[in-house]
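**Q** for reference, the sequence and a predicted model appear below.
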Amino acid sequence: MSFWFKQFWGTICLDIIIVALIAGAFFKWRIDQIPDTREVEKVEIESGESYKDFVLIIEDSHGDFHRYPVYQFIDYVILPLGVLLVLQGLDIIGGLFGTGEIRRKLKPLNDLAIKAERLSSLPLDTSKFESLEQAIENLSPNSPDARISTGDKDLASIEVALNNLIYRMRESQKKQARFVSDASHELRTPIAVIQGYVNMLDRWGKEDESILEESIEALKHESEHMKELVEQLLFLARGENGKNTLHYSEFDLCQVIHEVWEESLMIDRDHPYEFVSDKGSALDEEGNLILPPVKMCGDVAMIKQSVRIFVQNAAKYSAKGSTIQFRVKTNGDCVGYVVQDEGIGMQGEDVKHIFEPFYRSDKARNGNTGGSGLGLSIAKWIVDAHDGKIEVLSSPEIGTRFTVWLKADLERNL
């Protein structure tokens, strides 16, 4: 209602201003009719019993009086003024009903505000929070199934949130413990081998040249393997701590994949490698391959490392003579690459865990394939750091296809 009254008084003030302007216009109009050779000495209004008796009297410098009936001017403006007053009346009436509609729509908020005010005035019951605090203190950190429970319905949502947080913390702790255990196991093997060959050298290697040569080769191989493992562990640890720095630049993904394809041809003679670009290719006059550019922004060294990891994984678990294919793809504002093999493949349950550190499927757990089980974890970290995603399609005895999608944002972080 206060809003409506403000609107009402605003309308009245507007009408007063309009009337004042009309009166001023009437005075100005009649004064301008006085000849320029004369000056206005006096202006006054003569009143009467009705509005028709009101007369504007202007005395000039020659002593003449000019009389102008006011009602003649009022007859000109009475109609527009009447229309204006009617419109204003309708607006005020509409505003009265409008405020009622607004009040009805805001009633839920008003009720909520009233209830909140009532709640704030009530004395605070701390017993519920004390029971929750006691339940948290009584929670055993070593019990895997321990949960917070007070039996209070008002605290049920808080208990659910806390129990979910505790569950995630336990899962993180399990992963960390498993990582440390697996890392210790992987490091223990080369250390044991090195220690065994050192003992063998100490006993017989000083006199037997064949044992000396065999031991040296084994020590070199195992030390190189342990160095690689430690470097991979450090890479993942730096990644978890946010210390791996990406150096962004614009580059041609198609050219990078083609370079890894050429490297694979030279390094691995046991597998035929194919390179395909969805955008096609051509040959120049000298017979050199021309690849259409697929531009993106990222750390070119990191992206190349991720491709090499997928290629090494494909070669490791593929039989000799089986084909490994590279492919470059585009999809809207994303670019991607594919590494596909015809290897042993994986079960669906194994695909869920392949990016976990040190995880290898049962078929892959043999001494012939080697590796530390960290490569795919590193590749996933690289792709995640570029806001990309990895799609895996695998079937036992048919093969595995890794598809990596990356954003082709050329201005990102440049």
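**A** Arrived safely, thanks for sending. Computed from a predicted structure; not experimentally measured. Residues are numbered from 1 along each chain as shown.
**Q** where does the prediction get shaky in the stretch 301-414 of the chain?
**A** Per-residue confidence of the stretch 301-414 of the chain (counting by pLDDT under 70) places the weak regions at 360-372, 410-414.
**Q** so where do the strands sit in it?
**A** If you assign secondary structure with DSSP state E, counting those that start in this stretch, the strands in the stretch 301-414 of the chain sit at 324-331, 334-340, 389-395, 399-407.
**Q** with the chain instead?
**A** In the chain, the strands defined using DSSP state E lie at 40-46, 55-60, 65-69, 249-252, 273-277, 282-283, 289-290, 295-298, 324-331, 334-340, 389-395, 399-407.
**Q** how about those in CSV, adding mean neighbour count?
**A** Where C-beta positions appear, they are placed from N, C-alpha and C, glycine not excepted. As requested, the strands of the chain are exported to CSV (neighbours: other C-beta atoms under 10 Å):
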stretch, mean neighbour count
strand 40-46, 11
strand 55-60, 16
strand 65-69, 13
strand 249-252, 16
strand 273-277, 17
strand 282-283, 9
strand 289-290, 10
strand 295-298, 22
strand 324-331, 19
strand 334-340, 21
strand 389-395, 15
strand 399-407, 21
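**Q** of those, which is nearest Lys6?
**A** Using C-beta to C-beta as the criterion, the shortest distance between Lys6 and the strands of the chain is 33.5 Å, found for strand 40-46.
**Q** now do the closest one against strand 65-69, angle only.
**A** Using axes from the mean of the first three to the mean of the last three C-alpha atoms, to 10 degrees, one finds that strand 40-46 and strand 65-69 are set 40 degrees apart in direction.
**Q** show me what strand 40-46 is packed up against.
**A** With contacts taken as 3 or more C-beta pairs under 8 Å, 6 or more residues apart in numbering; DSSP states H and E, strand 40-46 sits against helix 2-31, strand 55-60.
**Q** now the angle from that strand to strand 55-60?
**A** Strand 40-46 and strand 55-60 meet at an angle of 160 degrees, taking the same axes, to 10 degrees as the criterion.
**Q** can I assume Leu406 is in contact with Val383?
**A** Yes. The pair formed by Leu406 and Val383 meets the contact definition of C-beta atoms under 8 Å, at 7.3 Å.
**Q** how far does the longest helix seen in the chain sit from the chain's center?
**A** Among the segments of the chain that qualify as a helix by DSSP state H, the longest is helix 156-200. Distance of helix 156-200 from its chain centroid, counting by C-alpha atoms, centre = their mean, to the nearest Å, is 30 Å.
**Q** rewinding a little: nearest to Gly151, out of the strands of the stretch 301-414 of the chain?
**A** Each of the strands of the stretch 301-414 of the chain was checked against Gly151 via C-beta to C-beta, and the shortest separation belongs to strand 389-395, namely 43.3 Å.
**Q** can I get the CA coordinates of that closest one in CSV?
**A** Output for strand 389-395, consisting of C-alpha atoms alone and laid out as CSV, is shown next (Å, rounded to 0.1, in the frame of the first residue of the first chain):
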residue,chain,number,x,y,z
LYS,A,389,39.9,-37.3,-22.9
ILE,A,390,40.8,-40.8,-23.8
GLU,A,391,38.5,-43.4,-25.3
VAL,A,392,39.4,-47.0,-25.1
LEU,A,393,37.9,-49.8,-27.3
SER,A,394,39.3,-53.3,-26.7
SER,A,395,38.3,-56.9,-27.3
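**Q** can you name every helix or strand that that strand contacts?
**A** helix 348-351, helix 375-385, strand 399-407.
**Q** partner strands of it, parallel or antiparallel?
**A** strand 399-407 (antiparallel) (DSSP bridges).
**Q** any idea how far the strand it pairs with is from the chain center?
**A** The chain centroid and the centroid of strand 399-407 are separated by 22 Å, computed with C-alpha atoms, centre = their mean.
**Q** between strand 334-340 and that strand, find me the angle.
**A** An angle of 160 degrees separates the directions of strand 399-407 and strand 334-340 when computed by the same axes, to 10 degrees.
**Q** sorry, back to before: can I get the strands of the stretch 301-414 of the chain in a markdown table with distance to Lys52?
**A** As requested, those are arranged in a markdown table below (distance: least, C-beta to C-beta, whole Å):
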| stretch | distance to Lys52 |
| --- | --- |
| strand 324-331 | 87 |
| strand 334-340 | 86 |
| strand 389-395 | 89 |
| strand 399-407 | 84 |
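**Q** of these, which is nearest Thr126?
**A** Minimum separation from Thr126 across those (C-beta to C-beta) falls at strand 389-395, 47.6 Å.
**Q** for that closest one, give me every contacting residue.
**A** For strand 389-395, contacts defined as C-beta atoms under 8 Å, 6 or more residues apart in numbering pick out 345-346, 350-351, 354-355, 379-380, 383, 400-405.
**Q** so how far is stretch 79-99 from its chain's centroid?
**A** 52 Å.
**Q** how about it as PDB, C-alpha atoms only?
**A** Output of stretch 79-99 as PDB, limited to C-alpha atoms (Å, rounded to 0.1, in the frame of the first residue of the first chain):
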ATOM      1  CA  LEU A  79     -10.400  18.400 -22.900                       C
ATOM      2  CA  PRO A  80      -6.800  17.200 -23.000                       C
ATOM      3  CA  LEU A  81      -6.600  17.800 -19.200                       C
ATOM      4  CA  GLY A  82      -9.700  15.700 -18.700                       C
ATOM      5  CA  VAL A  83      -8.300  12.900 -20.900                       C
ATOM      6  CA  LEU A  84      -5.000  13.000 -18.900                       C
ATOM      7  CA  LEU A  85      -6.800  12.800 -15.600                       C
ATOM      8  CA  VAL A  86      -8.900   9.800 -16.800                       C
ATOM      9  CA  LEU A  87      -5.700   8.000 -17.900                       C
ATOM     10  CA  GLN A  88      -4.000   8.800 -14.600                       C
ATOM     11  CA  GLY A  89      -7.000   7.500 -12.700                       C
ATOM     12  CA  LEU A  90      -7.000   4.300 -14.600                       C
ATOM     13  CA  ASP A  91      -3.200   3.900 -14.000                       C
ATOM     14  CA  ILE A  92      -3.700   4.500 -10.300                       C
ATOM     15  CA  ILE A  93      -6.500   1.900 -10.100                       C
ATOM     16  CA  GLY A  94      -4.400  -0.500 -12.100                       C
ATOM     17  CA  GLY A  95      -1.500   0.100  -9.800                       C
ATOM     18  CA  LEU A  96      -3.700  -0.800  -6.800                       C
ATOM     19  CA  PHE A  97      -4.600  -4.100  -8.400                       C
ATOM     20  CA  GLY A  98      -1.000  -4.600  -9.600                       C
ATOM     21  CA  THR A  99       0.400  -4.300  -6.100                       C
END
